[in-house]
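Q: Need coordinates for the below:
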Amino acid sequence: MDLEWLMEFLKGMLKPVAALAVVALAVILSYSQNLGLEFEMVYSIFRSFVQLSVIGFVLQFIFSQDNRVWILLAYLFMVSVAGYTAGQSAKHVPREKYVAGASILAGTSVTLLVLVLLKVFPFTARYIILVHYTKIP
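A: As a prediction, the model looks like this:
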C-alpha cells in the first residue's frame, strides 16, 4: 500500500499544527495568569477555522469552473464587500459605501482590463481573483 499521500498530508499539516501549538500556549498563559480570555480565544480559533474552510471550498469551486460568469460574480462580490468595508470608515462622505464601492470597482476593473488586454495573464479565475485581491485596499 502506497503511503506517499499520507506523508504529503502530514508535511502539509506541519505549519497548521505549529500555529495551533502557539495559540494553545497563549490559551495556557491566559489561564495561568487568570486573564479570563480562554473562551474567547478558543471561540475565535474555531470561528476562523470555519470561515477559512468555507472560503477555501468556495474558491476551489470557482477555480474549478471554466465559466466567465462565475469569475465575474466572484469579482463583483469581492468589490461589494470591499466597498461596504471601506465605506464604514468614511462616515463623513455622503453615501460612503456607494462611493467606496464605485471607486474600488473603477480602480480594479481598469487594472484588470489592462492586464488582460495586454495578455499579462489570461481571463481565468485563478488570475482574476488573486490579482483583484491584491488590488483591494
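
Q: May I ask which helix or strand encompasses the residue nearest the centre of the chain?
A: Centroid-nearest residue in the chain: Ile55, 6.7 Å away (criterion: Cα atoms, centre = their mean). Using DSSP states H and E, Ile55 maps to helix 38-64.

Q: How about the secondary structure of the residue lying closest to Ile45 once chain neighbours are set aside?
A: Nearest non-adjacent residue to Ile45, counting by Cβ to Cβ, 6 or more residues apart in numbering: Val23, 5.9 Å away. Heads up, the C-betas are built off the backbone N, CA and C, glycines and all. Three-state call for Val23 (DSSP: H, G, I helix; E, B strand; the rest coil): helix.

Q: distance of Val23 from Leu73?
A: 34 Å (Cβ to Cβ, to the nearest Å).

Q: And Thr111, by the same measure?
A: 19 Å.
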